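Student: When you get a sec, could you give me coordinates for this:
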Amino acid sequence: MAMNDPTRRGLIFLAAGLGAAVLFAGLDRVASLSLAEKDAPEADSAVEIVQFDDRGNRTGKVRLRKIRKTDKEWRSILSPAQYAVTRQGGTEIPYSGALTAEHRAGIFRCADCATALFDGKTKFESGTGWPSFWAAIAAENVRERADFSMGLLRREVRCTLCDAHLGHVFDDGPDPTGLRYCMNSAALRFRPAEP
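Tutor: Residues are numbered from 1 along each chain as shown. From the prediction side, this is the model:
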């Protein structure tokens, strides 16, 4: 029995579609590996950060050894939500974070190590459902790396001192920087400015 023409055409299109899907998956994997920046070596690496008091006053630069903990140690000091975001790279559901509507003067610090990350003066309403800032408090305190995890290139933001995943930065923010640091509330601790 001969296969009819429409069925043969359907099989050809199916095979071509599967081939394209396999090719795309391979290209996605290669792109992810080539764009992903290698993390700093684990052993005794030191970094320079800028320290701030709770009023946002710069108290100086310091060189510190990166904070390294085992998975068990992180789990023992972080809440499940903090662990899921900062150690596993998770993202909160929009508008679910406790700091989304926080507008008091103060400093937003890393939930994992208390490094100063953002000044409340740079926070703005982005309408995205996550706390958003137009600048980091000091470039030394955050680091960015390429993130291709969702099939598109984004810039992940991490704490320099402890490598906590904080969120992502985008080029659609307000003046003066044009940046939008879109952070997870679970990755931050807010310290109100002292009177």
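Student: residues contacting the residue nearest the centre of the chain?
Tutor: The centroid of the chain falls nearest to G167 when counting by C-alpha atoms, centre = their mean (2.6 Å). G167 makes contact with 91, 130, 156-157, 181-184, 187, according to C-beta atoms under 8 Å, 6 or more residues apart in numbering. Any C-beta I mention is one placed from the backbone N, CA and C, and that applies to glycine too.
Student: Run a quick neighbour tally on the nearest residue to it once chain neighbours are set aside.
Tutor: Once flanking residues are discounted, G167 sits nearest to M183: 4.0 Å by C-beta to C-beta, 6 or more residues apart in numbering. M183 sits with 28 neighbouring residues when counted by other C-beta atoms under 10 Å.
Student: just checking, M183 touches T128?
Tutor: No - using C-beta atoms under 8 Å, M183 is not in contact with T128, being 10.4 Å away.
Student: what's downstream of the lowest-mean-pLDDT helix or strand in the chain, the next helix or strand?
Tutor: Every helix and strand in the chain was compared by mean pLDDT, DSSP states H and E; the lowest is helix 5-35, with a mean of 53. Remark: after helix 5-35, the chain's next helix or strand is strand 46-52, criterion DSSP states H and E.
Student: all strands for this protein, in order.
Tutor: 46-52, 58-65, 106-110, 116-119, 123-124, 132-133, 142-147, 154-159, 165-170, 180-183, 188-192 (DSSP state E).
Student: Select, out of those, the one closest to R87.
Tutor: R87 lies closest to strand 165-170 among the strands of the chain, at 7.4 Å (C-beta to C-beta).
Student: ok, back up a step: quick one: buried ones out of the contacts of G167?
Tutor: 130, 156-157, 181-184, 187 (16 or more other C-beta atoms under 10 Å).
Student: now, the most widely separated pair of those residues?
Tutor: W130 and E156 (13.9 Å).
Student: ok, what's across the strand from P192?
Tutor: G106 (DSSP bridges).
Student: tally of neighbours for it?
Tutor: 13.
Student: how close does it get to C110?
Tutor: 17 Å (C-beta to C-beta, to the nearest Å).
Student: How about D147?
Tutor: D147 sits 18 Å away from C110, going by C-beta to C-beta.
Student: ok, A116 - how many residues close by?
Tutor: A116: 23 neighbours (other C-beta under 10 Å).
Student: Need the nearest residue in space to it, chain neighbours excluded.
Tutor: A116 sits nearest to F52 (C-beta to C-beta, 6+ apart), 4.0 Å away.
Student: List the contacts of the one you found.
Tutor: So F52 contacts 58-59, 107, 116, 119, 137-138 (C-beta under 8 Å, 6+ apart).
Student: Adding distance to G151 and pLDDT, write those out as TSV.
Tutor: Formatted as TSV, the contacts of F52 follow (distance: C-beta to C-beta, whole Å; pLDDT from 0 to 100):
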residue	distance to G151	pLDDT
R58	39	96
T59	42	96
I107	35	97
A116	33	98
D119	33	96
I137	32	98
A138	32	97
